[in-house]
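Asks: Here is the input, now give the coordinates:
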Amino acid sequence: MKKQFNRMRQLANQTVGRAEKTEVLSEDLLQVEKRLELVKQVSHSTHKKLTACLQGQQGVDADKRSKKLPLTTLAQYLMEGSAILGDDSLLGKMLKLCGEAEDKLAQELIHFELEVERDVIDPLFVLAEVEIPNIQKQRKHLAKLVLDMDSSRTRALFVQTAWIV
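Replies: Below you'll find the predicted structure:
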């Protein structure tokens with residue numbers, strides 16, 4: 001309790017300008033710290049928008065994505081229509097060819113989305129939700145330690161001047 005009171009008193013003294021405040025971060029690092037919040041906001045919103053652009057369900061394997069994708073459903077209907085009409089009719093051959101093409105498109109889309117999720121979306125999530133909050137937490141901890149150091153230095157100076165008097 002006493003330590004917290006001393007910390008608050010030291011913080012108030014530094015704010016008013018009566019106490020010496022140690023600057024730990026250089027000017028460049030202070031600018032980086034200011035941009036950190038902007039990076040967090042941008043990466044968070046980019047992650048959200050990219051996730052909304054995915055047609056398949058995020059975090060699901062390729063087979064489950066394939067079943068939910070409209071292109072796959074269309075490919076199945078085209079193949080079924082081809083089977084009903086038979087390979088001897090021109091329309092049946094065309095439906096079969098279009099169904100195969102749609103299926104290949106669906107597989108490419110699934111492959112692309114999985115790569116985007118692995119290479120872009122997941123790292124953005126880690127950056128916005130894990131890395132940047134850890135940096136901010138460490139910065140707050142550093143500020144507390146600097147405040148403690150300044151408070152201890154002030155008390156030591158006070159004790160030193162008391163011994164001289």
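Asks: CA atoms for contacts and neighbours, from now on please.
Replies: Will do.
Asks: Quick check, pLDDT for residue 6.
Replies: The predicted structure scores residue 6 at 62 on the pLDDT scale.
Asks: and what of residue 137?
Replies: Taken from the predicted model, the pLDDT recorded for residue 137 is 91.
Asks: Going along the chain from the helix or strand of the chain with the lowest mean pLDDT, find the next helix or strand for me.
Replies: The element with the least model confidence among the helices and strands of the chain, by mean pLDDT, DSSP states H and E, is helix 2-16, at a mean of 63. Note on helix 2-16: by DSSP states H and E, the next helix or strand toward the C-terminus is helix 27-53.
Asks: Quick check: mean pLDDT of that next one?
Replies: Within the predicted structure, the mean pLDDT of helix 27-53 is 87.
Asks: Give the buried residues for that helix.
Replies: Within helix 27-53, the residues that qualify as buried are 33, 36, 39-40, 43-44, 46-47, 51, counting by 16 or more other CA atoms under 10 Å.
Asks: now the angle from whichever strand or helix holds residue 148 to helix 27-53?
Replies: Assigned by DSSP H and E, residue 148 belongs to helix 132-164. Interaxial angle, helix 132-164 versus helix 27-53 (axes from the mean of the first three to the mean of the last three CA atoms, to 10 degrees): 150 degrees.
Asks: which of the residues in helix 132-164 are buried?
Replies: Neighbour-count burial for helix 132-164, counted by 16+ other CA under 10 Å, picks out 132-133, 146-148, 150-151.
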